[in-house]
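Asker: all I have is the shape, not the residue letters:
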């Protein structure tokens, strides 16, 4: 079933919370520690050849210490019309800059999916204090505010694109164009799929797989010239029945929110935490430590 973009704009008040899900913290009882290398610069996100990596068994992957992954949505200043729930998904500009400075000052190094994939499957070395930054929903401020902020720190990120919104201008928010998405990709960031129009993954049936996965994948690959291997579940919601559909379409990893990973397919239930608009840099720091 294909929804019109106008429907999404009508529901703009809740678009801020488009990846909302029940938040639960899965504390790690892992004995293994993340492999580390000598600290160099703020970012050590590098290209890794994963073509010959064999997927490890679930037990091995689950035993490795989780890498902190943050999920952001809008980065802009709050408006009088923003509701209490909406503000949870809108990080104000200065606060975002302060959060990124905190990460850099604390010695965090951004990594990208290839590095995470190699680490989880083979134990490949990661930089000291690795972290992944992800941004959902194609919001324009991710290009105009996030991009230059991360660029100054040498940070790279993953942008999960909802293709229905590409190039659109809405009542509440504008969205990135094809050219901007390609530029992010060309600059070394990773573009991932976030479906066509954010339909709940747990409800997919029939033509939904084509509308929500196949067509968006084709469009993003045309824009970037690169294969899509990363997928983010709308609202962070997933079910085991749908994972084979992702696998047969060539996705390597899929990202939920903070609920427990699947014991059979941990690569397709990678955990993230939403960086709340109410969090100070100190609160974010504590949440990273407590959640992963």
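Answerer: Great, that's in hand. Remember, predicted model here, so these are calculated numbers, not experimental data.

Asker: burial count for residue 230?
Answerer: Other residues near residue 230 come to 24 when the count uses other CB atoms under 10 Å. (Glycine included, C-beta is placed from N, CA and C.)

Asker: ok, it - contacts?
Answerer: 113, 158, 160, 190, 192-193, 251-255 (CB atoms under 8 Å, 6 or more residues apart in numbering).

Asker: same deal with residue 209?
Answerer: When contacts are counted by CB under 8 Å, 6+ apart, residue 209 is found next to residue 245.

Asker: where does it land in three-state SS?
Answerer: helix (DSSP: H, G, I helix; E, B strand; the rest coil).

Asker: show me the helices in this protein, by range?
Answerer: Along the chain, the segments classed as helices by DSSP state H run 5-10, 12-15, 58-63, 84-87, 93-105, 113-122, 141, 147-153, 178-186, 208-209, 215-224, 243-247, 281-291.

Asker: give me the residues contacting the fifth one.
Answerer: Taking CB under 8 Å, 6+ apart as the criterion, the residues outside helix 93-105 that touch it are 42, 72, 75-77, 91, 131, 145-146, 149-150, 153, 155, 275, 277, 279-282, 284-285.

Asker: just the buried subset of these, please.
Answerer: In terms of neighbour count (16 or more other CB atoms under 10 Å), the buried residues within the contacts of helix 93-105 are 42, 72, 75-76, 91, 131, 145-146, 149-150, 153, 155, 275, 277, 279, 281, 284-285.

Asker: what about residue 248, how many neighbours?
Answerer: Residue 248, neighbours per other CB under 10 Å, totals 9.

Asker: now swap in residue 89 and tell me
Answerer: By the criterion of other CB under 10 Å, residue 89 has 24 neighbours.

Asker: any weak-confidence spans in the stretch 1-150 of the chain?
Answerer: Scanning the stretch 1-150 of the chain for pLDDT under 70 picks out 1-44.

Asker: can you pull the pLDDT of the closest residue in space to residue 194 that isn't next to it in sequence?
Answerer: Among residues not flanking residue 194 along the chain, residue 160 sits closest, at 3.8 Å (CB to CB, 6 or more residues apart in numbering). Per-residue pLDDT puts residue 160 at 98.

Asker: list the contacts of residue 160.
Answerer: 134-137, 192-194, 230-232, 255.

Asker: so residue 89 versus residue 72, what's the distance?
Answerer: Separation of residue 89 from residue 72 (CB to CB, to the nearest Å): 9 Å.

Asker: mutual contacts of these two, please.
Answerer: residue 274.

Asker: residue 267 is in contact with residue 119, isn't it?
Answerer: No - Residue 267 is beyond contact range of residue 119, at 11.5 Å (criterion: CB atoms under 8 Å).

Asker: partners of the nearest residue to residue 190 once chain neighbours are set aside in the sheet?
Answerer: Among residues not flanking residue 190 along the chain, residue 158 sits closest, at 4.5 Å (CB to CB, 6+ apart). Beta bridges link residue 158 to residue 134, residue 190 when assigned by DSSP bridges.
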